[in-house]
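Student: Need coordinates for the following:
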Amino acid sequence: MEDRWYKKGPPDANGKATRVETARYGQGKRYKVTGIPGVRARSFERLTGPHGANAWLAKAQHQATAGEFVDPRRGEMLLQEYIEQEWWPNKAYDDPATSNTVHSRIWTHVIPHLGSLQLNAVKTPQLKRWLTTMRGLAGPGTTNEAWNYLASILQAAVDDERITKNYCRAQKSVRPPARPSPKPRAWDKAQVLAVREAMDSRYRIAVDIGVGAGLRAGEVFGLALEDIDEEGERILVRRQIKKIGSKLCFALPKGQKTRSVPVPSYLLKRISEHLAARPAQLVSLPWSNPAPGETDREKELRAPREHALILPGAMGGGMRRDAWDTRIWKPALAAAGVIPAATVTKVPMKAKPGAHKTVHTYVESRENGFHALRHTFASVQLDAREPIVAVSSWLGHENAAITLRIYAHMMPEADGRGRSAMQAWFEGSA
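Tutor: This next block holds a predicted model:
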């Protein structure tokens, strides 16, 4: 402990020790604690009291001995600075789309509201205010995601010894809203056919494959001639088309899992008829990430691959999901009466002063997205009492528990077979 305002002076006439003022007298904090191994020196205005030098010295010595000391000053870094300078640069996502999603959530929902706080100031009251703000800006699913990303950031700050406590994980009094339980709705046959008929004949095969094999939209767009196994009556789901930024690439299906889906001969006949009218087109796209590789290994992995696609884009390349939604899917939904007709507006064109382009805007209707066909596929399979494990495999879910959580409400009601089996069991034991 060093007193920076006084130093030892010469003995007085009685031989007693004296103190004299130093050159720093009255300037800055008076007491300096130093000399603890692994602990930076720190100055204090007071010697005693809960926030004085003696109290901090005792705590620092104890934590240093136990190897648990965290200098509070390291937590004075702003949350935004920590994210941008230390946390994000060290994050590495294999999937660029996942990276984009995480970045969007943090820079849209975390940094604008909490980024100006110091790391050690992100505590229960601040989290409560943030959740209240988020309630008016985003749904529970988005808020839950943003909370989990924030918790991960604060935990990294704990591991980096910038703060001692992660209040996202340490408090029971504040919790994010639960993610809404998905309860997808299947379409009936009439609705599927109405949407299909309202679509240009070039694209109807997408409806057939979506409802007949349960493929996601990107998987339909990435389906190639080589993936149709007519002899085995199955479709091999081995890739999808993804949009990363403004560019397209081939990638493994969601969850990095390929799969095989048994399909009826009627669907194979529809695919054959489609190909007879519109042969598959060779499309070359990068694999996994459209960005140029920085290493030889990345360049090799991302090298373009060529596949004869069953449903290429209108201009001959890969089908773009946003173009599909706005130009093909939603117009068909509106024509079939599933959603209201589009609102038509004239928008000035910057490149051509005085000229306008026509913009069709449709209402958001997530429950009537392409996934509705996948839900219909699952509904038909479960109603036919296919095993949940098999349906999960065909859908490409990570495990059957996910399938059960999503589609449990679609499973047929018990019909008494279990009661009959128990009756037979008891009668056999008599």
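Student: any low-confidence regions in the stretch 1-150 of the chain?
Tutor: 1, 35-39, 56, 60-72 (pLDDT under 70).
Student: Would you map the strands across it?
Tutor: 2-3, 6-9, 18-21, 31-33, 42-44 (DSSP state E, counting those that start in this stretch).
Student: Out of these, flag the one nearest K91.
Tutor: strand 42-44 (32.1 Å; CB to CB). In this view, the C-beta of every residue, glycine as well, is placed from N, C-alpha and C.
Student: export the strands of the stretch 1-150 of the chain to a markdown table and tack on mean neighbour count and distance to P96?
Tutor: Output for these, formatted as a markdown table (neighbours: other CB atoms under 10 Å; distance: least, CB to CB, whole Å):
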| stretch | mean neighbour count | distance to P96 |
| --- | --- | --- |
| strand 2-3 | 14 | 54 |
| strand 6-9 | 12 | 62 |
| strand 18-21 | 10 | 64 |
| strand 31-33 | 19 | 48 |
| strand 42-44 | 17 | 44 |
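Student: Can I get these in JSON lines including distance to A58?
Tutor: Output for these, formatted as JSON lines (distance: least, CB to CB, whole Å):
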{"stretch": "strand 2-3", "distance to A58": "16"}
{"stretch": "strand 6-9", "distance to A58": "22"}
{"stretch": "strand 18-21", "distance to A58": "24"}
{"stretch": "strand 31-33", "distance to A58": "10"}
{"stretch": "strand 42-44", "distance to A58": "13"}
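Student: out of the ones you listed, which comes closest to D188?
Tutor: Taking the strands of the stretch 1-150 of the chain one by one with CB to CB, strand 42-44 is closest: 71.1 Å.
Student: Which residue is the nearest non-sequential neighbour of V207?
Tutor: Excluding the flanking residues, the one nearest V207 by CB to CB, 6 or more residues apart in numbering is R196, at 4.3 Å.
Student: Report the buried residues of the helix or strand where the one you found lies.
Tutor: Using DSSP states H and E, the element containing R196 is helix 189-197. Neighbour counts over helix 189-197 (16 or more other CB atoms under 10 Å) mark 191-192, 194-196 as buried.
Student: What segments of the stretch 201-350 of the chain are strands?
Tutor: Here the stretch 201-350 of the chain has its strands, by DSSP E, counting those that start in this stretch, at 228-229, 234-237, 240-244, 247-251, 259-262, 281-285, 305-309, 343-348.
Student: want to throw those into JSON lines with mean neighbour count?
Tutor: Compiled in JSON lines, the strands of the stretch 201-350 of the chain are given as follows (neighbours: other CB atoms under 10 Å):
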{"stretch": "strand 228-229", "mean neighbour count": "17"}
{"stretch": "strand 234-237", "mean neighbour count": "21"}
{"stretch": "strand 240-244", "mean neighbour count": "21"}
{"stretch": "strand 247-251", "mean neighbour count": "22"}
{"stretch": "strand 259-262", "mean neighbour count": "17"}
{"stretch": "strand 281-285", "mean neighbour count": "17"}
{"stretch": "strand 305-309", "mean neighbour count": "18"}
{"stretch": "strand 343-348", "mean neighbour count": "10"}
